[in-house]
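1. dropping the sequence and predicted coords here.
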Amino acid sequence: FTDPRDVFAINSLYTSLGYPLLPGWVPYGLDPCGDLWHGVLCVNSNVTGIVLNDSNLGGELSEGIGSFASIIQIDLSNNHIGGGIPSNLPVTLKTLSLSGNQLTGSIPDNISSLGQLTDLSLNNNHLNGVIPDAFLQLKTLINMDLSGNSLSGQLPPSVGTLSSLTTLHLQNNQLSGILDVLQDLALMDLNIENNLFSGPIPPKLLSIPTFRRAGNPFNTTIIPSPPMISPSPAPFELSPDFAPSLPYVVPPGQELQPSGRQKSSNSTKHVKLIAIAGLVSLVILGLGVCLLMSRFCKRRREIQKETKRHETYDHSLPKAKGNPKHDQSLQKPYYDAEKEAGLRPVAGNGKAQGRNMSMNTSEAVQQKDVKSTISYTDDALGSEMESMISDVLPPPPPPFLQTLSAERMVVNPIVLPITSGKHAMKNVNSAEFFTIASLQQYTNSFSQDNLIGGGMLGTVYRAESPKKLLAVKKLDTAMTKRQSDQEFVEMVSNISKLQHENIVKLVGYCSEHGQRLLVYEYCRNGTLHEALHLDDQIHRKLSWSTRVRVALQAARALEYLHEVCQPRIVHLNFKSTNVLLDDELAVHMSDCGLAPLMSSDSIRQLQGSGYGAPELELGNYTCQSDVYSFGVVMLELLTGRQSYDRSRPRGEQLLVRWAIPRLHDIDALSRMVDPSLNGCYPSKSLSRFADIISLCIQSEPEFRPPMSEIVQNLLQMI
Ligand SMILES: Nc1ncnc2c1ncn2[C@@H]1O[C@H](COP(=O)(O)OP(=O)(O)OP(=O)(O)O)[C@@H](O)[C@H]1O
């Protein structure tokens, strides 16, 4: 008979996976080895492996798998397993492959106990949080793949002790910091693409046979080496993170030497290649500058024409802009500024023009302030010029064809438009373009301290810009890769047009180095989910009338998307975590206009969360699907229960299923009200609230009322 510890472990796994149909497997089976369960490898009476990759498994992994006595291989890759990674993995494991699932949460600390592990594949899941500092004992680990998740933070120091590691894949995460910790590893294959690593790249990494690193904002710091002032100096030394995007030209006859102390021919070749790439970038940049300048000239001519027209036909000023006086004051500064700055459209060298531009002090200060976050309006030519100058030709002097002095020189990170496609690097409607460097600065390199939370689409950070507090949503690359640059900018453009007091305002966006981020106004009081289920202090403030008001404001936001916007917008992810609250507990709905990013997987996840309307299962969703989700949020407000709560008894886990039969029975209804309200609600109001819910959560979408009707009903209650 199979070892009882293995029997217990495999049965608990079978249960948590939801008893999938697998040849030979039976619930509570006693002899998986003897009964030849499919995918179960045994030696005598011990389970040594479970290999069920690509088996269409769902459910979750159970903590019980820690009981396997001598298992050495678990391969459950390419299934649909959700939930977290168990915190007590069997210590005998050599291979753990959970890639291509829907695992969430963070990598557990207890991987530190897997002292015999050789292969770890957790790639292509939804893991988030930092990589734990838990690799000290993993001396036998050869291959590690954590790519395609939402891992953030810096690489922990113990990664540097993985002495057997040859393959490390970390691409498509949100990892940040420097790479020093990797420099002494015996890596043959390193992929760190599409993260937020910053430079400099340790020189040793450049000799890794396969080293892929695109899509990281490595800084462009150029630091001449100490030998510059020593008796036998190298001509100059470039930091090895000398990115192709840095416009630099190698002076003839001079040799580039990587900042590593030994000069290997390999790395010299590398640097030469990089220098050539730099030259190409220079040409592209030059062309870009000319293009921008010619655009600027064209725009200026247009504005001059427009102004003339306005001067002649004052009545043609748009009414919305208020009185003509105000409009004049709007127009004047940029002409004055232009005059004072001595700016004239010159088709020639925009660089020199930018540098020679004389500015009065306030303009200079203004230019400094707007370096990364320049506000762009069609009217603000001066601002556009500043934007061009600071985006394309940032001070200090551009490093074009420039020989380095013996002094230490640091060129601030230059973010060039080349990698971002022609649609990026521009403000879109009211949304400012942010550089990734500026967002890094505002979020302290996307530090854990600034991490607010994360969801299906990405991770949200608190960002302190000089102007105000912001929330930066760093979109998961796995979610955004389906969208082209143009589609992304169009999406930003659409979101930026949403203007409603109950919808979170999009302040700006960033699309650089393969990363896409959305920048929103910051809401201080968290989400309705937190207020209802996590934060006792705010929960106490949620009186009945406050709840009705919250419902009304959320309803108004959805009404706006469905019935005011043209074309109408389906939110598709309406839930209490997307109802943000401000200091006055007023609603600011988030994630509006992000439906184009939702994959079928995320929609499936939505269903599991208890908010998804039944028709989502068939891939159909309309505004009426939002109405259903709205009904679920109203249920949360009424009951104080979560839409799906695993900790409750089976029949009560799914809020809708539990609530439906109770909504029409007065006694049952009063019993289901959030106990924290202590009976403080008008019973008439309660039953009207329940009636609206019943209408919203009907399974037939066409029977659900439009949001405007719900708004009216809620208004009457108030
Ligand atoms: N503008 C904001 N101001 C303050 N906090 C915010 C803001 N936007 C999001 N958050 C916080 O970040 C958390 C994560 O938000 P996000 O939208 O990424 O995930 P979610 O809505 O919880 O889940 P999902 O994206 O899967 O629907 C939210 O729960 C909220 O606490």
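-> That came through fine.

2. around the ligand, which positions in the stretch 351-500 of the chain sit nearby?
-> The stretch 351-500 of the chain comes close to the ligand at residues Ile452, Gly453, Gly454, Gly455, Met456, Leu457, Gly458, Val460, Ala471, Lys473, as judged by Cβ under 6 Å from any ligand atom. Heads up, the C-betas are built off the backbone N, CA and C, glycines and all.

3. try 5 Å this time
-> Counting by Cβ under 5 Å from any ligand atom, the stretch 351-500 of the chain comes close to the ligand at Ile452, Gly453, Gly455, Met456, Leu457, Val460, Ala471.

4. next up, the contacts around the nearest residue to the third one once chain neighbours are set aside.
-> Put plainly, it is Gly455. If the residues on either side of it in the chain are set aside, Gly455 comes closest to Thr577, at 6.9 Å by Cβ to Cβ, 6 or more residues apart in numbering. Residues near Thr577 by Cβ atoms under 8 Å, 6 or more residues apart in numbering: Gly453, Gly455, Thr527, Leu528, His529.

5. kindly recompute the last result at 10 Å.
-> 453, 455, 526-530, 533, 590-591, 609, 611, 633 (Cβ atoms under 10 Å, 6 or more residues apart in numbering).

6. for the ligand, what is the nearest residue in this protein?
-> Nearest residue of the chain to the ligand: Gly455, at 2.2 Å (Cβ to the nearest ligand atom).

7. now for that residue, how many residues are close by?
-> Residues contacting Gly455 under the criterion other Cβ atoms under 10 Å number 21.

8. ok, it - contacts?
-> 104, 126, 128, 150, 473, 476, 573, 575, 577-578, 590-591, 602, 605.

9. over to Asp133?
-> With contact set as Cβ under 10 Å, 6+ apart, Asp133 has these partners: Asp109, Ser112, Gln154, Leu155, Pro156, Pro157, Ser158, Val159.

10. Glu615 - nearest residue in space that isn't next to it in sequence?
-> Counting by Cβ to Cβ, 6+ apart, the residue nearest Glu615 is Pro701, at 5.5 Å.

11. please apply the same query to Gln183.
-> Gln183's closest residue in space is Pro202 (Cβ to Cβ, 6+ apart), at 3.8 Å.

12. the one you found is in contact with Leu187, isn't it?
-> No - with contact defined as Cβ atoms under 10 Å, Pro202 does not count as touching Leu187 (11.4 Å).

13. what parts of the protein come near the ligand?
-> Within the chain, the positions adjacent to the ligand are 452-453, 455-457, 460, 471, 504, 520, 522-523, 527, 573, 577-578, 590 by Cβ under 5 Å from any ligand atom.

14. buried subset of these?
-> Using 16 or more other Cβ atoms under 10 Å as the burial test, these include 452, 455-457, 460, 471, 504, 520, 522-523, 527, 573, 577-578, 590 as buried.

15. now, which of those residues lie within strands?
-> Ile452, Val460, Ala471, Tyr520 (DSSP state E).

16. got those as a markdown table, with pLDDT columns?
-> Shown next, in a markdown table, are those (pLDDT from 0 to 100):
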| residue | pLDDT |
| --- | --- |
| Ile452 | 91 |
| Val460 | 94 |
| Ala471 | 96 |
| Tyr520 | 96 |
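
17. quick one: low-confidence ranges for the stretch 601-718 of the chain?
-> Across the stretch 601-718 of the chain, nothing is flagged by pLDDT under 70.

18. wait, Tyr628 sits on Pro705?
-> No - Tyr628 is not in contact with Pro705 according to Cβ under 10 Å; the separation is 11.1 Å.

19. and those two? Which one has more around it.
-> Between Tyr628 and Pro705, counted using other Cβ under 10 Å, the more crowded position is Tyr628 (23 against 17).

20. doesn't the more buried one fall inside a helix?
-> Yes - under DSSP: H, G, I helix; E, B strand; the rest coil, Tyr628 falls within a helix.

21. chain neighbours aside, what residue packs nearest to it?
-> In space, Tyr628 is closest to Ala613, 3.6 Å off (Cβ to Cβ, 6+ apart).

22. tell me the contacts of the one you found?
-> Ala613 touches 572, 606-607, 620-622, 624-629, 631-632, 656, 696-699, 701, 704, counting by Cβ under 10 Å, 6+ apart.

23. now do Pro157
-> Asp133, Phe135, Leu136, Asp180, Val181.

24. do you know how far the fourth one is from Gln171?
-> Think Asp180. 19 Å (Cβ to Cβ, to the nearest Å).

25. neighbour-wise, which of those two wins?
-> Higher neighbour count among Asp180 and Gln171: Gln171, with 24 against 15, using other Cβ under 10 Å.

26. now that one: which helix or strand?
-> Per DSSP states H and E, Gln171 falls between elements, in no helix or strand.

27. for the remainder of this discussion, apply numbering that starts at 31.
-> With 31 as the first residue, the last one maps to Gln201.

28. tell me the phi and psi of it?
-> Note on Gln201: backbone dihedrals following degrees, to the nearest 10 are phi -60, psi 160.

29. now it: how far from Ala244?
-> Counting by Cβ to Cβ - Gln201 and Ala244 are separated by 9 Å.

30. pull up the overlap in contacts between the two.
-> Common neighbours of Gln201 and Ala244 (Cβ under 10 Å, 6+ apart) are Asn221, Ile222, Glu223, Asn224, Gly544.

31. do I have it right that the second one meets Leu209?
-> When you say that, I think you mean Ile222. Yes - if you go by Cβ under 10 Å, Ile222 and Leu209 touch, sitting 7.2 Å apart.

32. please save the CA atoms from stretch 702-716 in PDB.
-> Extracted in PDB, the C-alpha atoms of stretch 702-716 (Å, rounded to 0.1, in the frame of the first residue of the first chain):
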ATOM      1  CA  MET A 702     -29.300  39.500   6.300                       C
ATOM      2  CA  VAL A 703     -28.600  43.200   6.900                       C
ATOM      3  CA  ASP A 704     -25.100  44.000   8.000                       C
ATOM      4  CA  PRO A 705     -25.100  43.500  11.800                       C
ATOM      5  CA  SER A 706     -22.800  46.400  12.300                       C
ATOM      6  CA  LEU A 707     -25.800  48.700  11.400                       C
ATOM      7  CA  ASN A 708     -27.400  47.700  14.700                       C
ATOM      8  CA  GLY A 709     -30.800  47.800  13.100                       C
ATOM      9  CA  CYS A 710     -30.400  51.500  12.300                       C
ATOM     10  CA  TYR A 711     -32.100  51.800   9.000                       C
ATOM     11  CA  PRO A 712     -35.600  52.600   7.800                       C
ATOM     12  CA  SER A 713     -37.300  49.300   6.900                       C
ATOM     13  CA  LYS A 714     -39.000  50.900   3.800                       C
ATOM     14  CA  SER A 715     -35.700  52.100   2.500                       C
ATOM     15  CA  LEU A 716     -34.200  48.600   3.100                       C
END
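
33. pull the residues that contact it.
-> 562, 566, 569-570, 572-575, 577-578, 665-671, 685, 688-689, 692-693, 695-696, 699-700, 718-720, 747-748.

34. buried residues of it, list them for me.
-> Here stretch 702-716 shows Met702, Val703, Asp704, Tyr711, Leu716 as buried, counting by 16+ other Cβ under 10 Å.
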